[in-house]
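*Asks:* Predicted model and sequence below, questions to follow.
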Amino acid sequence: MDLADLNEDERVALVGLTKLVVLSDGEVAEDELEHIERLVGGLGEQAYEQALDRFERDFGDEPSFRTYLVEKVRRQEARDLIFGTILESAEEGSLDRRETSLLDWLAGVWNVKIEIADDVA
């Protein structure tokens, strides 16, 4: 599965999580901009813009978005892809306590297994 295979609800989840986790500090670093460009490329510009518009229109608070993530993103393959994409982009910068809390919660409710590979020289 790749980004183009995500349905509308899954795209909204990915774009919303990106905004909450990757862009939460209000400043867009170059690596964060590259992440957004990869998302736009993977989803398509129109699909990305629609997902962003829907996220901004429908979710004024994090609790309502958390409910959406549980109720609307049901396919495990999509959950794994979304979580991996967010985790990969989050590694570019440091995470604050709220972002870490959101990702920990999400890994639990989505049943995402996080494996950290050891770099072997």
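*Replies:* Thanks, I have the structure now.

*Asks:* low pLDDT regions in the protein?
*Replies:* Applying pLDDT under 70 to the chain flags the ranges 23-27, 91-95, 115-121.

*Asks:* ok, which stretches of the chain are helices?
*Replies:* All helices of the chain, identified by DSSP state H, fall at 8-17, 30-43, 45-58, 62-72, 76-90, 97-109.

*Asks:* Go through the shortest one and flag the buried ones.
*Replies:* Right, the one you point to is helix 8-17. Neighbour-count burial for helix 8-17, with 16 or more other CB atoms under 10 Å as criterion, is recorded at Asp9, Glu10, Arg11, Val12, Ala13, Leu14, Val15, Gly16, Leu17. All C-beta atoms are positioned from the backbone trio N, CA, C, and that covers glycine.

*Asks:* helices or strands up against that helix?
*Replies:* Applying 3 or more CB pairs under 8 Å, 6 or more residues apart in numbering; DSSP states H and E, we find helix 8-17 packed against helix 30-43, helix 45-58, helix 62-72, helix 76-90.

*Asks:* Can you name the residues in contact with that helix?
*Replies:* 3, 6, 39, 43, 47-48, 50-52, 54-55, 58-59, 65, 68-69, 72-73, 75, 78, 82, 85-86, 102, 106 (CB atoms under 8 Å, 6 or more residues apart in numbering).

*Asks:* how much space is there between Val28 and Arg75?
*Replies:* Per CB to CB, to the nearest Å, Val28 is found 30 Å from Arg75.
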